[in-house]
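K.L.:
Below is the sequence, then the predicted model.
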Amino acid sequence: MAITAARGTELRAKGWRQEALLRLLENNLENGENPDELVVYGSIGKAARDWKSYDAIVAILKTIEEDETLIIQSGKPIGVIPTHKKAPIVIMANGNIVGHWATSAEFYKLYDQNLTMWGGLTAGDWQYIGSQGVIQGTYEIFKAIAREHFSGDLAGKFILSAGLGGMSGAQPLAGVLAGAAILVVEVDEEKADKRIATGFLQKKTTDLSQALAWIREAQAQKAAISVGLIGNAADIYTQLLDSGVIPDIVTDQTAAHDLLYGYVPSNIALSEIAQLRKEDPDFVIDSAGKAIAKEVAAILAFQKAGSIVFDNGNNIRTQAKAYGVDKAFDIPIFTEAFLRPLFERAIGPFRWVALSGDQADIQKIDQFLLKNFADNPIVTDWIRLAEKNVPVQGLPARICWLGHTERSRLAVAVNDMVANGEIGPVAFTRDHLDAGAMTHPNIMTENLQDGSDAISDWPLLNALVATSSQADLVAIHAGGGGYAGYMQSAGLTITADGTKAARERLLSAIDNDTRTGLLRYADAGYAGAKEEIAKHEVRRVDL
Ligand code: NAD
């Protein structure tokens, strides 16, 4: 049975805090890549351990009181404890394994025994809002590249990438919004069809020369276009290189973090891979590692030939290096190269979901932002583009990069709109890829200026802060590439239901979340964080 999120104002749970979490869980599956297997995105990023767990979570969310807390261990509900009305409704930890055992092999073993699951960033904690979730980040990267390398404009420029899955499916639309001609290679035609159906991709072909003809035509006319090419990235990147086609920008967002269930190697047919994963996992892993090495070697050659290249957060360089590409880390990570100036000021991907299911609620919030953040071009440029171009997927939602106090200002205003009856209740959340919330030394925290890249105290503190600051849901995740051992992160969700108590929760949880982001970056010595701390009178202990 297909799961869809409930809409409207009728409560099935004992309050909006509980109902919101239930709708977000359902929404994850409504938008999911493989909902039958509870997979939301990122090859095996799941919303619950198994269907028994899912049904139990749903039943508990319908009956849990506001002064109780449900504990979830890697997608499996393990108990409900008495707490108090300011405590979270749900706390969870997904995919955590202690350091020495934190390897892919150990993860796959525990996963096969159904003792753990991978929660991605927003799958396990029900914060996924479809491909839109990463779209502004990708758009901001393209715009930053435009400013730095192409006089501010990507018209007539050619972007090459790969992956049209749950998150990677945002790339074609982000490329088009940035004005470019973007070609995205995808091995699974059904994924390309899904992106066309949801409005994230314009057209597809299985023929490389046809794809290039469309791209060249658009470039000549300085028109934006997105083309999906059905093929294997390792092969296509090499073919393009061999025939002297050098794109202006090259990246990849296939699920390269996972050699077994994610990246599809070119020597294995898509129709055979599911069986081989069971029968000969070592062969699949080794083949994927070698194919990634071939693809990354091509990306490095593109870089040498003048393309702007970057790692788009899928740990592809780490995998390539392990398979012999010594110079893989000559490819810069997008966070360090383009987004750190925003993160150091705790500006990051904030999100909200209209629980009523009514797109008009999102439009009213868009209008509020355009009016009240008129002097902030990151907000206004994006909202103008998003309201015209970003399709609705599942419960209507919006992402917008906002900073300390900006997020809570918006959330409190939205809570007032809910109280006035202008809109229905709204859930607020954010990506784990946020200032205080993630340690990933090959993605979020690569080359921090104080060298604290691998310290995972920060996201753990962030989750503790959220739990003591009245968030409705708090999650601690691990994984990030080869699953265990690469990443630690934290997430939170808070619902604006129009009450005074919600206003207090929103202010406390959201501001303390960005406060910890500023404290983390100030501790690492970043000037932007120190400026924000002084401006907002954040109480920092500066030793
Ligand atoms: P997904 O599994 O939903 O999609 C990945 C897609 O890549 C699939 O459609 C798959 O068919 C395709 N693919 C696999 N191997 C291929 C190959 N050799 N050639 C062409 N296509 C191939 O995963 P997703 O949710 O789209 O995430 C993709 C990656 O991006 C993951 O590693 C994820 O962790 C990472 N990610 C990064 C960010 C970020 O902030 N930059 C955000 C979200 C996800």
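P.N.:
Alright, I've got the coordinates.

K.L.:
how about Asn442, secondary structure?
P.N.:
coil (DSSP: H, G, I helix; E, B strand; the rest coil).

K.L.:
count of neighbours near it?
P.N.:
Neighbourhood size, Asn442 [other CB atoms under 10 Å]: 24. All C-beta atoms are positioned from the backbone trio N, CA, C, and that covers glycine.

K.L.:
burial measure for the nearest residue to it once chain neighbours are set aside, as a count.
P.N.:
What sits nearest to Asn442 in space, not counting adjacent residues and going by CB to CB, 6 or more residues apart in numbering, is Thr318, at 5.1 Å. When neighbours are defined as other CB under 10 Å, Thr318 has 22 of them.

K.L.:
Report the separation between the residue in the stretch 201-350 of the chain positioned nearest to the ligand and Gly120.
P.N.:
Of all residues in the stretch 201-350 of the chain, Gly313 sits closest to the ligand, at 2.6 Å by CB to the nearest ligand atom. Applying CB to CB, to the nearest Å, the value for Gly313 to Gly120 is 12 Å.

K.L.:
tell me which strands and helices the single longest strand found in the chain is in contact with?
P.N.:
Longest strand of the chain, by residue count under DSSP state E: strand 487-496. Other elements packing on strand 487-496 under the criterion 3 or more CB pairs under 8 Å, 6 or more residues apart in numbering; DSSP states H and E are helix 16-30, helix 406-419, strand 426-430, strand 438-439, helix 457-467, strand 473-479, helix 500-523.

K.L.:
so where's this protein shaky on pLDDT?
P.N.:
Where the chain drops to pLDDT under 70, the residues are 480-484.

K.L.:
Looking from the ligand, tell me which residue of it is nearest.
P.N.:
Closest point on the chain to the ligand, by CB to the nearest ligand atom, is Gly165, at 1.7 Å.

K.L.:
give me phi/psi at that residue?
P.N.:
phi -90, psi -160 (degrees, to the nearest 10).

K.L.:
Do I have it right that it meets Ala255?
P.N.:
Yes: using CB atoms under 8 Å, Gly165 makes contact with Ala255 at a distance of 6.4 Å.

K.L.:
These two: which is more packed in?
P.N.:
Ala255 (25 against 22).

K.L.:
count of neighbours near the residue lying closest to that one once chain neighbours are set aside?
P.N.:
In space, and not counting its chain neighbours, Ala255 is closest to Gly262: 3.0 Å by CB to CB, 6+ apart. Neighbourhood size, Gly262 [other CB under 10 Å]: 20.

K.L.:
now Lys109
P.N.:
Neighbours of Lys109 using other CB under 10 Å come to 13.

K.L.:
element containing it?
P.N.:
helix 104-112 (DSSP states H and E).

K.L.:
Pro247 too?
P.N.:
With DSSP H and E as the test, Pro247 turns up in no helix or strand.

K.L.:
from now on call the first residue 53
P.N.:
New numbering, starting at 53: the last item is Pro299.

K.L.:
so who does it touch?
P.N.:
By CB atoms under 8 Å, 6 or more residues apart in numbering, the residues touching Pro299 are 210-212, 235, 292, 354, 359.

K.L.:
mind listing what the closest residue to Gly204 other than its chain neighbours touches?
P.N.:
Excluding the flanking residues, the one nearest Gly204 by CB to CB, 6+ apart is Ala198, at 5.5 Å. The contact partners of Ala198, taken as CB under 8 Å, 6+ apart, are 204-206, 209, 230-231.

K.L.:
Then Ile116?
P.N.:
65-66, 70, 122, 132, 141.

K.L.:
got the phi/psi numbers for it?
P.N.:
Torsion angles, degrees, to the nearest 10, at Ile116: phi -70, psi 140.

K.L.:
For this structure, what lies in contact range of the ligand?
P.N.:
85, 93-95, 186, 189, 214-220, 237-240, 243, 284-286, 305-309, 314-316, 364-366, 485 (CB under 6 Å from any ligand atom).
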